[in-house]
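A.B. asks: Generate a structure from the sequence data that follows.
(one chain, ligands or ions: 1)
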Amino acid sequence: MGDQYEVSEAGVAALTIPSLRWEEPPEGPVVVLLDQTRLPAEEVELVCTDVPALVQAIRTLAVRGAPLLGIAGAYGVALAAVRGFDVDEAVEALAQARPTAVNLGYGVRRAAAAYRAAAPGGPDAQAAAALAEARAVHAEDIEASARMAEHGLALLGELLPGGGHRILTHCNSGALVSGGEGTALAVALAAHRAGELRRLWVDETRPLLQGARLTAYEAARTGMAYTVLPDGAAGSLFAGGEVDAVLIGADRIAADGSVANKVGSYPLAVLARYHHVPFVVVAPTSTVDLETEEGSDIEVEQRPGQEVTEFSLPYAQGPGAEAGTGIPVAPLGAQAYNPAFDVTPAELVTAIVTEAGVVSPVTRNGLAEVCSTSRWSKSRSGNGMMAE
Ligand SMILES: CSC[C@H]1O[C@H](OP(=O)(O)O)[C@H](O)[C@@H]1O
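C.D. replies: The predicted structure follows:
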C-alpha cells in the first residue's frame, strides 16, 4: 500500500496517510488501520473486524496519538453497534485502552451518546447514529487540524519575526495522529509551505522512537529539512542557540493548563525556559479536560518495561507482553521505569494553539474561554462528556 499524495501549488507533497478508515466490504464493516508499530520499514494495514482487535491495536500503539485515538474510539463504538456486539462492553474496553489520552474517551462517549439517544428508533437507527457521530468526529478533526496549522503559523510569525525557523519537536504529531495533517507537525508543515521553516529538529523519542520512525517518515515525504537526534542531545542544541521554538502535541490538558504529553516533553520545557525559547503546545480543544483540575490529577500510563530494555518489531508491546522476545539492550530481567507521558506545568508553556484560537498566557480562564468558543463545544461538556 502506498501513501496517497497531492502536490500543492508550492510543490510540496501534502501527505494524506490513510492512518485510519471505515470500510464496508460485503462481509461486514471494518476499521482499517495503518500499523504504526511497523513504520517506517513496512506499511502494513490492520483490518479490525471487532472491538477486541481494535482495543489491542490501541494498546500496542498500532493506532496512536490523541486525536486519532478519539476517531478510532468513536468508530469502535460504531463497529460494535453495526455488527451487533455489546455496545456497553465496547465503550468500557475502548475507553480504558489508554488512560491518559483524553480524546479516546471523548470519541467513545460521543458515539455512545448518539447510539443511546437513537434508542427509540431501534437497533438500526442506533447503529446509523453511532456511525454518523464517528464520521462527525473524524471530519471535525480534519477541520481542526487545518485551523491549528493556521493559528500556529500566525503565532510563529509573531514570536519569531523574519522566518527561517529552527523548530524542535518531540514524538509524532502529524498526519499519523489525525484525520488531517496533525497538530504540532501540521504547524511545522505550514511553516515549510510558507518558506519559513529552516530546519525541523526531530527528537528520536525513546523508547518507542515515534520521532525517528514516524515524524521523520512524515517529514521526508513533505520535503522539509529535518534532522533526527537522540533525546539527550536536545540540550546542546539549545545551548548552541540552534532552536528557535519547540512545538509539541498533547494527550490531555488539565483545567489549570498543565500539559500531559510524551515522556521527555517536560525536560524540553525546562530547557526552553532556561534558554528563553518559546515552548508551544498544539492541540484541539477536545484534548482539554476541564474536569481534571490540575496536572497532578492526570493518570500517566505506565507501559511494559521491555519497551525500554529490548528493541523489537513491532515497536510496542501490549500489556502482559512476554519479555525476552526482542534484542536486549539491558540485562534480561532488568527493572525499567517506562511512563508513556510526563506533565508540564502551565507556567512553562508559552502558548497553547487550538482550532478555536491561541491561549497565551496559559490560564484556567483562557482555556475555558477558548473551549467555550470552539464550534464543537456545544457537543461536549468537561472532559468530552456529551452535554445532557
Ligand atoms: C498530537 S497527539 C500525539 C501525541 O500522542 C503521542 O503519544 P503516543 O505515541 O503514546 O500515542 C505523543 O504524546 C504525542 O504528542
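A.B. asks: can we go C-alpha only for contacts and neighbour counts from here?
C.D. replies: Fine.
A.B. asks: Name the helix or strand of the chain that has the lowest mean pLDDT.
C.D. replies: strand 4-7 (a mean of 48; mean pLDDT, DSSP states H and E).
A.B. asks: For the stretch 51-200 of the chain, which residues are neighbours of the ligand?
C.D. replies: 64-67, 171-173, 177, 183 (CA under 6 Å from any ligand atom).
A.B. asks: If we use 5 Å, what do you get?
C.D. replies: Contact residues (CA under 5 Å from any ligand atom) of the stretch 51-200 of the chain with the ligand: 64-66, 173.
A.B. asks: Redo those as CSV? Include neighbour count, secondary structure and distance to Ile142.
C.D. replies: Shown next, in CSV, are those (neighbours: other CA atoms under 10 Å; DSSP: H, G, I helix; E, B strand; the rest coil; distance: CA to CA, whole Å):
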residue, neighbour count, secondary structure, distance to Ile142
Arg64, 26, coil, 16
Gly65, 26, coil, 14
Ala66, 29, helix, 13
Ser173, 31, coil, 13
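A.B. asks: Average pLDDT for the top strand by length along the chain, rounded please.
C.D. replies: In the chain, with assignment by DSSP state E, the single longest strand is strand 197-203. When pLDDT is averaged over strand 197-203, the result is 98.
A.B. asks: distance from the centroid: which residue in the protein tops it?
C.D. replies: Distance from the centre of the chain peaks at Pro120, with 35.3 Å (CA atoms, centre = their mean).
A.B. asks: returning to what we had before: using PDB, list the CA coordinates for the longest strand of the chain.
C.D. replies: The C-alpha trace of strand 197-203 is given here as PDB (Å, rounded to 0.1, in the frame of the first residue of the first chain):
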ATOM      1  CA  LEU A 197      11.000  26.600   8.100                       C
ATOM      2  CA  ARG A 198      14.800  26.400   8.100                       C
ATOM      3  CA  ARG A 199      15.100  23.100  10.000                       C
ATOM      4  CA  LEU A 200      13.000  20.600  11.900                       C
ATOM      5  CA  TRP A 201      14.900  19.000  14.800                       C
ATOM      6  CA  VAL A 202      13.300  15.600  15.400                       C
ATOM      7  CA  ASP A 203      13.800  14.100  18.900                       C
END
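A.B. asks: just checking, what packs against the helix or strand that that strand is followed by?
C.D. replies: Next in sequence after strand 197-203, counting helices and strands by DSSP states H and E, comes helix 216-222. Here helix 216-222 touches strand 13-16, strand 226-229, going by 3 or more CA pairs under 8 Å, 6 or more residues apart in numbering; DSSP states H and E.
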